[in-house]
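K.L.:
coords please:
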Amino acid sequence: MNVGIIAHNSKKSLIEDFCIAYKGILIKHEIYATGTTGRRIEEVTNLKVHKFLAGSVGGDKQFTEMIERGDMDMVIFFYNPAMIDPKEPDVYQIVRSCDQYNIPVATNIATAESLILGLDRGDLEWREQLREQN
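P.N.:
You can find the predicted model right below:
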């Protein structure tokens with residue numbers, strides 16, 4: 001499965017902790033991330049991460065394009081709702097694209113844990129069947 005991970009600057013430590021905690025699950029899947037987030041995940045977990053550009057310079061658009069092609073199976077996007085910054089990846093565009101293309105998306109730790117545990121149980125295998133049909 002292709003798992004997309006993005007985190008605004010104020011949530012980078014949280015996404016690192018999340019990836020450390022669930023490294024055993026994430027290692028079984030392809031991980032995609034915006035540049036800085038991907039680099040930080042690699043540094044703390046030694047996981048292989050396919051990195052886009054930094055979100056502020058187009059990585060969020062590359063991420064969205066992958067969603068629109070149906071090539072992303074799940075997205076974890078930690079952002080600070082009290083501090084929306086135009087230099088940060090576009091939360092609304094990414095979440096809208098996930099909703100439009102039926103991609104499970106988590107924007108907080110509680111939902112992310114539910115999704116990652118579901119991924120491990122095989123709850124998202126319907127994504128592979130959907131991709132095979134297209």
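K.L.:
so where do the helices sit in the chain?
P.N.:
Using DSSP state H, the helices assigned to the chain run over residues 12-21, 23-26, 35-45, 59-68, 91-100, 109-121, 126-133.
K.L.:
for these, which one sits closest to residue 76?
P.N.:
For the helices of the chain, proximity to residue 76 was assessed by C-beta to C-beta; helix 109-121 is nearest, at 4.7 Å. Where you see a C-beta, it was placed from the backbone N, CA and C, and this is true even at glycine.
K.L.:
circling back to that earlier point, can you redo the helices of the chain as TSV with distance to residue 83, mean neighbour count and mean pLDDT?
P.N.:
Rendered in TSV, the data for these read as follows (distance: least, C-beta to C-beta, whole Å; neighbours: other C-beta atoms under 10 Å; pLDDT from 0 to 100):
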stretch	distance to residue 83	mean neighbour count	mean pLDDT
helix 12-21	13	17	97
helix 23-26	27	15	98
helix 35-45	17	19	96
helix 59-68	16	19	92
helix 91-100	11	16	90
helix 109-121	17	15	97
helix 126-133	32	11	78
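K.L.:
let's have these in JSON lines, adding distance to residue 1.
P.N.:
Below are those laid out as JSON lines (distance: least, C-beta to C-beta, whole Å):
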{"stretch": "helix 12-21", "distance to residue 1": "15"}
{"stretch": "helix 23-26", "distance to residue 1": "10"}
{"stretch": "helix 35-45", "distance to residue 1": "16"}
{"stretch": "helix 59-68", "distance to residue 1": "13"}
{"stretch": "helix 91-100", "distance to residue 1": "14"}
{"stretch": "helix 109-121", "distance to residue 1": "6"}
{"stretch": "helix 126-133", "distance to residue 1": "7"}
